[in-house]
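Engineer: here is the input, now give the coordinates:
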Amino acid sequence: MLPNLSTIRPVRKIRYIIFLKDVLILALTTFGGPQVHLAMFYDRFVRLRGYLTEAELMELNALCQVLPGPTSTQTITALGFKIGGPNLAYLTLLIWVLPAVSIMTAAGMGVYYLEQNYLSLRFARYIQPMAVGFLVVSGYRIGKMVIQSQISLTLAIMAAVAAYIFRSPVMTPIVIVVGGLTTALTYQKQERMTKEPLQVQWANFFLWLGVLLAAAGLGAVTQLLPVRLFENFYRNGSLVFGGGQVLTPMLYNEFVAFKHYLTREEFLSGLGLVQALPGPVFSFASYIGALSMRDAGMNGQFWGSFVSTAGIFLPGTFLIFFVYRFWAQLKRYRVVRASLDGINAASTGLTAAAAVALFEPMAPHWPSVVVVLLTMAALLYTRIPPFVLILAGLLAGVFL
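Structural biologist: Reported below is the predicted structural model:
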């Protein structure tokens with residue numbers, strides 16, 4: 001007997017609505033970065049709903065970790081793709097990023113309003129050194145995980161030195177590619193696995209590449225700031241391996257050190273604030289986009305936030321749709337697994353270089369140094385949630 005399609009479709013829609021409700025709950029409650037996100041994904045999607053098994057979730061997360069882009073965002077988007085295809089995946093992406101993106105857009109507009117009305121930003125003076133402390137600890141933690149050999153340590157140091165000396169966005173892809181190629185040569189150390197013929201569907205790859213080339217070409221021809229912002233963030237989103245802590249130095253080099261769209265103080269204030277929010281750290285792009293178009297008025301700031309948000313999140317989405325279909329075959333190639341060690345080591349070096357560059361101007365001011373050290377100690381030796389630290393810093397800035 002054939003199933004009744006009129007019954008199946010409403011049941012499926014109800015299931016999709018429940019899933020999207022779960023995504024919204026997580027978007028409003030997942031503080032603490034990818035590690036915490038993964039634990040909450042497990043509690044809700046595996047234990048509570050049974051959308052997938054623990055092994056499937058861990059493998060999906062591992063795939064997203066080795067792709068450029070925001071790991072948590074790609075994981076939850078890929079889960080939407082697994083449950084309901086591309087349409088549900090894009091709805092999942094929208095709901096997951098919307099709360100953090102909205103807050104960071106409002107923060108960017110609020111900072112500009114305060115500056116225009118000659119109001120002091122000193123209430124955020126402790127947030128800026130706290131942001132450096134967050135960056136240092138993130139780099140330290142990721143370094144402990146990925147630096148496992150003399151080669152990876154050397155690559156991390158060389159990447160840090162190169163990024164510190166040559167503060168240009170051009171250095172980021174060079175450092176990452178060199179790191180990946182270096183360890184790819186050591187593929188013999190990887191365990192040999194039986195291979196299966198790759199069955200690749202290229203549509204999403206060509207979509208990713210086509211958008212990248214079209215944005216670069218259109219930006220060069222028109223010189224319109226919204227187009228260039230989209231291209232800048234799309235390029236960064238296509239190159240960032242390792243999550244938000246690696247994205248930070250890339251954005252600092254491009255928008256502060258190189259293009260001067262933001263001041264160092266504005267950048268650090270936004271970086272500190274995004275640590276206190278639930279959802280993806282990549283929502284920091286919305287703040288930068290809004291401030292980058294401050295001269296275009298309120299509508300321009302909304303537009304800047306929109307194109308920056310789209311630019312940072314779309315590459316990872318296109319790539320996870322592309323690779324997810326043949327990842328089981330791809331991961332069996334030793335050269336692919338070997339290259340990831342160098343990419344991760346180089347990303348650690350980029351984070352270290354950004355931390356040093358951001359800390360340098362604070363070094364002569366002992367109160368800022370103390371705040372950096374206290375933040376690091378709290379993150380390393382206590383279980384105080386990051387958002388509580390940031391809120392404490394804001395309150396201290398207001399009352400002291």
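Engineer: any stretches of the stretch 201-350 of the chain with poor pLDDT?
Structural biologist: Scanning the stretch 201-350 of the chain with the threshold set as pLDDT under 70 gives 241-246, 327-328, 331.
Engineer: redo that, cut-off 50
Structural biologist: Scanning the stretch 201-350 of the chain for pLDDT under 50 picks out nothing.
Engineer: and residue 60, how far from residue 367?
Structural biologist: The gap separating residue 60 from residue 367 is 44 Å, by C-beta to C-beta, to the nearest Å. Yep, even glycine has a C-beta here, placed from its N, CA and C like the rest.
Engineer: of the two, which one has the most company?
Structural biologist: Each of residue 60 and residue 367 has its neighbours counted (other C-beta atoms under 10 Å); residue 60 has more, 21 against 11.
Engineer: gap between the more buried one and residue 75?
Structural biologist: Noted for residue 60: a distance of 6 Å to residue 75, by C-beta to C-beta.
Engineer: now residue 346
Structural biologist: Look at residue 346 and residue 75: by C-beta to C-beta, they are 23 Å apart.
Engineer: residue 267 contacts residue 255, doesn't it?
Structural biologist: Yes - the pair residue 267 / residue 255 is scored as a contact, 7.3 Å apart, by C-beta atoms under 8 Å.
Engineer: how about the helices in the stretch 151-300 of the chain?
Structural biologist: 171-184, 203-222, 225-239, 244-252, 264-275, 284-292, 297-324 (DSSP state H, counting those that start in this stretch).
Engineer: ok, now which ones touch residue 274?
Structural biologist: Residue 274 is in contact with 100, 104, 244, 281, 283, 284, 287, counting by C-beta atoms under 8 Å, 6 or more residues apart in numbering.
Engineer: make it 7 Å
Structural biologist: Residues near residue 274 by C-beta atoms under 7 Å, 6 or more residues apart in numbering: 104, 281, 283, 284.
Engineer: looking at those residues, which is nearest residue 313?
Structural biologist: Sorting these by distance to residue 313 puts residue 283 at the head of the list, at 9.0 Å, by C-beta to C-beta.
Engineer: for the closest one, which non-adjacent residue is spatially closest?
Structural biologist: When the adjacent residues along the chain are set aside, residue 283 lies closest to residue 100, with 3.7 Å between them (C-beta to C-beta, 6 or more residues apart in numbering).
Engineer: where does that neighbour sit, in terms of helix or strand?
Structural biologist: In this assignment (DSSP states H and E), residue 100 forms part of helix 71-116.
Engineer: avg pLDDT for that helix?
Structural biologist: If you average the pLDDT over helix 71-116, you get 89.
Engineer: between that helix and helix 264-275, how many degrees?
Structural biologist: Helix 71-116 runs at 140 degrees relative to helix 264-275, counting by axes from the mean of the first three to the mean of the last three C-alpha atoms, to 10 degrees.
Engineer: by neighbours, which of the contacts of residue 274 wins?
Structural biologist: Neighbour counts for the contacts of residue 274 peak at residue 283, which has 31 neighbours (criterion: other C-beta under 10 Å).
Engineer: that one touches residue 98, doesn't it?
Structural biologist: No - using C-beta atoms under 7 Å as the test, residue 283 is too far from residue 98 to be in contact (9.3 Å).
Engineer: sorry, back to before: in a markdown table: the contacts of residue 274, plus distance to residue 131.
Structural biologist: Output for the contacts of residue 274, formatted as a markdown table (distance: C-beta to C-beta, whole Å):
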| residue | distance to residue 131 |
| --- | --- |
| 104 | 14 |
| 281 | 12 |
| 283 | 15 |
| 284 | 10 |
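Engineer: tell me which of those residues is nearest to residue 319?
Structural biologist: Comparing these against residue 319 with C-beta to C-beta picks out residue 281 as the nearest, at 18.2 Å.
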